[in-house]
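**Q** what's the 3D shape of this:
(2 chains)
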Amino acid sequence: MIAPFKTSYLQDMALTKTPLAKASYAGLLIALAAIPLVTGEFYVGELGGLFIFAIAGVGLMLLTGYTGLVSLGHAAFLGIGAYAHAIMLAQGVPFLVSLPLAGLITAAFGIAIGVPTLRMSGLYLAISTLAFGSIIGTVLQKWDKLTGGFDGFPVRPPTILGMKVQGAIGTYYTSLIVLVLVIWVALNILRAPLGRAMVAIRDSEISAQSMGINLAVTKSIAFGISAGITGLAGGLYAHYVRHLAPDSFDILLSIQLVTIVFIGGLGSMHGAIFGAVFMRLLPQAIAMVRDDLPFGLGRTPGLEPSLFGLILVLVIMFEPGGINGRWVKLKHWCKAFPLHRRAASRRQKSYAKSERLR
Amino acid sequence: MESLVGLLQLVINGAATGCIYGLIALGFVLIYKATEMVNFAQGEIMMLGGFAAYTFVGKFGMNYWVGSGLAILATAAFGYLLDAVVLRRVIGQPQFAVVMLTLGLAFIFRAGAGIAWGYDSVAFVTPFTNSIVKFGSGVVLGADNLSIIFGTLVLCGVLYLFFSRTRLGIAMQASSQNQLAAYYMGIPVRRVFSLIWAISAGVAAVAAILLVPVQMVDVNSGIVGFKAFAAAVLGGFGSIPGALVGGVVVGVVEQLAGFYLPTGFQEVTSNIVLLAVLILRPQGLFGQVIRKRV
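**A** Okay, the predicted model is just below:
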């Protein structure tokens, strides 16, 4: 078990762990800001998409990684955010008002669906969000007066402070700024009482309750925040795809979003980013090797989802810490070299936990 | 009179579809009661069962009953191995990890079935295909729907006798009530759990075979599993009769909604029922409330 050794409470509350970490984050940010100056439009567009998925990943990480609840309907929140933002833009609402409003509307939907189901065990949330996702998917298709139905909905390029923001580069910078803001907000939530309460609920509902935490309220707020952040990602996603189609927000997308946090590594912000990177790189990697695969495997229609499924299964079985867990172990191995012991990264033995009696 | 007959036919059709939902929900409930895992791949296991039956009956040209029996056994063996090889390893991980694991398995099964059997819909001739049964004054029902309802009733009877009369069945009940106590009594709990997975996979295969005359088997037929959630939740997720009654209710409501409400409603009926149950009566129709004594 590798755990950071903290010597003061201020260290526990700090936003970054070490000055070196702070410097490397700043360096990364500067590098990211400079990327559009040196690379082509394609890579900038892909990175912009990555940022959008990272935003949604951060939102879902707050829910799944830190509160211990799983939602299988986050694609619906992405969809609600995207349509709300696009419709408001079409009505002439300025971008800087419309994007936060889209987030708020989505958060309201999140609380509306969360409140009735969060009284029950986490399982019911998974099932009811699954149902909610499919209902929203159908509504987006059938309510064609509002959403344009299967014809789709064109998204107007935004104007921010009198500047027309267009193309891949515009989306890239807007998404980057929103991503940094969202990570900053999420990290601050996590070191505030609310975040501590969320982690306490994840680790043990009974002990959290005995410490005076109101389970239902905290869970609903966590769900609302998570939905809201995903709604923001949805608003940006509308600009990324430029033309909204109702059937793109389906169960497969929901599962991809959850896969981001699982593969990245539950319970860490790094995990959300790692997961999003992985999620966006895998299809590219598949596209590259598609023609070289034996037995015509490359032309199998379900290749991508099944590969995601396989990786998900392997991660849950063999590395529940995800990519981030691997990364932490690697760092520890380098630090302790040559004194690393296998026991340091061994998983604790655990037994079946009953969620039935509580 | 005419509308009454029409209504009756709708209800019978709905009840037949509902029996399928109920059987899949039964699979969820059996596994959930025993191991507290929810198998999101239950619909996909049903799909595999359907393909197995197609292989034996449609491709190898076996007798319908023999081929179906073999398909049920093969699917049950698959369920046993699935638990022994994969699911047993994640015991102790949080519940949502199992949810994601089974979802991942569902995608793998879907792709695996696509590679093995192709992406076209397949079907085979059963004794119930395209035959009808007439009752008295103009009530005409399809033998396919009746066979589903009848098959479900027989299967439930068999399961009831198995759980209440046989040694193994009682051992299963004991292990799902208290693992530790069952273990102390000398019950091989792990093997019993794998057998429960086998039964639940076998029930899914029965559902698939009963469904064949009504609906062709294809890679995406596992979608029915999501509708079965509504049935399981309506029945109280943990009650075996509840799952079946829930399935029939969802099936009938779905048929009626498809007939009386504008298009688009039928697809989401089961989801609306599910959310409504969670809001109004979260413990379901037959759920028992368990309180822990401190």
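
**Q** Can you pull the poorly scored residue ranges out of chain A?
**A** The model of chain A has pLDDT under 70 over residues A:1-2, A:121, A:161-162, A:165, A:293-302, A:345-358.

**Q** for it, longest helix please?
**A** helix A:215-241 (DSSP state H).

**Q** Packing partners of it?
**A** Under the contact definition 3 or more Cβ pairs under 8 Å, 6 or more residues apart in numbering or on different chains; DSSP states H and E, helix A:215-241 sits against helix A:41-60, helix A:74-90, helix A:95-117, helix A:167-191, helix A:193-203, helix A:205-210. In short, each C-beta sits where N, CA and C put it, glycine included.

**Q** so can I have a markdown table of the ones you listed showing distance to chain B and mean neighbour count?
**A** Output for those, formatted as a markdown table (distance: least, Cβ to the nearest Cβ, whole Å; neighbours: other Cβ atoms under 10 Å in any protein chain shown):
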| stretch | distance to chain B | mean neighbour count |
| --- | --- | --- |
| helix A:41-60 | 12 | 23 |
| helix A:74-90 | 11 | 27 |
| helix A:95-117 | 4 | 21 |
| helix A:167-191 | 19 | 18 |
| helix A:193-203 | 8 | 18 |
| helix A:205-210 | 9 | 14 |
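
**Q** so which of those helices comes closest to B:Ala97?
**A** Comparing these against B:Ala97 with Cβ to Cβ, the closest turns out to be helix A:193-203 (12.5 Å).

**Q** which other residues reach that closest one?
**A** A:62, A:66-68, A:189-190, A:207-208, A:211, A:213, A:215, A:218-219, A:221-222, A:267 (Cβ atoms under 8 Å, 6 or more residues apart in numbering or on different chains).

**Q** so what's B:Ile132 bridging to?
**A** Taking DSSP bridges, one obtains B:Gly142 as the residues bridged to B:Ile132.

**Q** roughly how far apart are it and B:Pro213?
**A** Remark: distance between B:Ile132 and B:Pro213 (Cβ to Cβ, to the nearest Å) = 12 Å.

**Q** Kindly report the same for A:Pro116.
**A** Applying Cβ to Cβ to A:Pro116 and B:Pro213 gives a distance of 39 Å.

**Q** Ok, A:Phe95 next?
**A** Distance, A:Phe95 to B:Pro213, by Cβ to Cβ: 56 Å.

**Q** And for A:Met288?
**A** Taken as Cβ to Cβ, the span from A:Met288 to B:Pro213 is 45 Å.

**Q** same thing with A:Gly212?
**A** For A:Gly212, the distance to B:Pro213 equals 59 Å [Cβ to Cβ].

**Q** can you give me the strands in the stretch 251-358 of chain A?
**A** Taking DSSP state E, counting those that start in this stretch as the test, none of the stretch 251-358 of chain A falls into strands.

**Q** now chain B
**A** With DSSP state E, the ranges of strands along chain B come out as B:132-135, B:139-142.

**Q** quick revisit: now the helices and strands packed on helix A:215-241 in TSV, please, with extra columns for distance to A:Phe249.
**A** Formatted as TSV, the helices and strands packed on helix A:215-241 follow (distance: least, Cβ to Cβ, whole Å):
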stretch	distance to A:Phe249
helix A:41-60	12
helix A:74-90	3
helix A:95-117	12
helix A:167-191	18
helix A:193-203	26
helix A:205-210	31
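
**Q** Which residue, other than its chain neighbours, is closest to A:Val70?
**A** B:Phe96 (3.7 Å; Cβ to Cβ, 6 or more residues apart in numbering or on different chains).

**Q** Tell me who's in contact with the one you found.
**A** A:64, A:68-70, A:122, A:126.

**Q** Just give the nearest non-adjacent residue to residue 238, would you?
**A** Using chain A. Leaving out its chain neighbours, the residue that sits closest to A:Ala238 by Cβ to Cβ, 6+ apart is A:Ala82, at 4.2 Å.

**Q** try chain B instead
**A** Using Cβ to Cβ, 6+ apart, the nearest residue to B:Gly238 is B:Lys33, at 5.6 Å.

**Q** contacting residues for the residue lying closest to A:Ser98 once chain neighbours are set aside?
**A** Here the nearest residue to A:Ser98 in space, its sequence neighbours aside, is A:Met88; by Cβ to Cβ, 6+ apart that works out to 4.1 Å. With contacts defined as Cβ under 8 Å, 6+ apart, A:Met88 is in contact with A:97-98, A:101-102.

**Q** With B:Gly235 instead?
**A** By Cβ under 8 Å, 6+ apart, B:Gly235 lies in contact with B:25, B:29, B:241-247, B:284-287.

**Q** Keep only those of these that are in helices.
**A** Using DSSP H, B:25, B:29, B:241-247 are the members of the contacts of B:Gly235 that sit in helices.

**Q** Near residue 227, how many other residues are there?
**A** All of this is about chain A. Applying other Cβ atoms under 10 Å in any protein chain shown, we find 33 other residues in the vicinity of A:Ala227.

**Q** looking at chain B here, not the other one
**A** 27.

**Q** returning to what we had before: more neighbours: A:Gly212 and B:Pro213, which one.
**A** A side-by-side neighbour count of A:Gly212 and B:Pro213, using other Cβ under 10 Å, places B:Pro213 first with 22 against 7.
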